[in-house]
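Provided below for reference: sequence and predicted model.
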Amino acid sequence: NAGVTQTPKFQVLKTGQSMTLQCAQDMNHEYMSWYRQDPGMGLRLIHYSVGAGITDQGEVPNGYNVSRSTTEDFPLRLLSAAPSQTSVYFCASSYRGRSMNTEAFFGQGTRLTVV
Amino acid sequence: AQSVTQPDIHITVSEGASLELRCNYSYGATPYLFWYVQSPGQGLQLLLKYFSGDTLVQGIKGFEAEFKRSQSSFNLRKPSVHWSDAAEYFCAVGAGYNTDKLIFGTGTRLQVFP
């Protein structure tokens, strides 16, 4: 199993450009989430989804859009990139189970630079 | 509001020494607590988790953590550190069984000297 796969691994954008960060998981997990990681701030939740067709905002949603048309995929869209969106982005997925076996699995991250 | 505090930004230890990384949380109900490790340029790997039951939790790579409700703490420990443990460590709290919304601390970077 591949787990959680993020593409691309690195990206440089110009201010105002748009792009989509891809995230796919092959574990049939209901939950998927996007976080951004900035120095000294840990990981902060951008958007999350509890299942196909259902999304909601996290702590820092401004400037980002998401959709969840399938269980496997959860793309993150930057409509008009800004330098403040320079960060490392992590996608995570987890099983929606009422048990102690649930945990979040993280992708390898996408390092985005906006110039 | 939920929050997680990791008071130590950077810790340096000698190989073979013991280690304790501090984590304090703020949460109104029973917290579900996690420790993740991130090696340079990598994603996050789960070390251990606490949902209920025994307050001393064993994890991978020889790590353990103790949940202390009275102190709102979930400190990570290892009796003897190896050079390969050098990484960044994150404490996180989740709401109930839901791991779709994790609140992370700001992380502690561990440096290990030979």
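Received the coordinates, thanks. Numbering: from 1, shown residues only, chains lettered A, B, ... in the order given.

Kindly export stretch A:71-84 (C-alpha atoms) in CSV.
Extracted C-alpha coordinates of stretch A:71-84, given in CSV (Å, rounded to 0.1, in the frame of the first residue of the first chain):
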residue,chain,number,x,y,z
THR,A,71,-13.1,8.8,-0.8
GLU,A,72,-9.5,8.6,-2.2
ASP,A,73,-8.7,12.1,-3.2
PHE,A,74,-8.7,15.4,-1.4
PRO,A,75,-7.1,18.2,-3.5
LEU,A,76,-6.2,21.6,-2.0
ARG,A,77,-6.5,24.6,-4.3
LEU,A,78,-4.8,27.9,-4.1
LEU,A,79,-6.8,30.3,-6.2
SER,A,80,-4.4,33.3,-6.1
ALA,A,81,-1.1,32.5,-4.4
ALA,A,82,0.4,34.9,-1.9
PRO,A,83,3.9,35.0,-0.3
SER,A,84,2.2,34.3,3.1
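
Mind telling me which residue is nearest the centre of chain B?
The centroid of chain B falls nearest to residue B:35 when counting by Cα atoms, centre = their mean (3.5 Å).

Check which helices and strands the helix or strand where that one lies sits against.
Residue B:35 is part of strand B:32-38, with elements assigned from DSSP states H and E. When contacts are defined as 3 or more Cβ pairs under 8 Å, 6 or more residues apart in numbering or on different chains; DSSP states H and E, strand B:32-38 sits against strand B:44-50, strand B:64-68, strand B:73-78, strand B:87-95, strand B:98-104. (Each C-beta comes from the backbone N, C-alpha and C, glycine too.)

Pull out the buried positions in the second one.
Within strand B:64-68, the residues that qualify as buried by neighbour count (16 or more other Cβ atoms under 10 Å in any protein chain shown) are B:64-67.

which of the residues you listed sit farthest apart?
B:64 and B:67 (10.9 Å; Cβ to Cβ).

where do the contact lists of the two overlap?
Common contacts of residue B:64 and residue B:67, defined by Cβ atoms under 8 Å, 6 or more residues apart in numbering or on different chains, comprise B:56-57.

how about the strands in chain A?
Assigned by DSSP state E, the strands in chain A fall at A:4-7, A:10-13, A:19-25, A:31-38, A:42-51, A:54-57, A:64-66, A:76-78, A:87-94, A:104-106, A:110-114.
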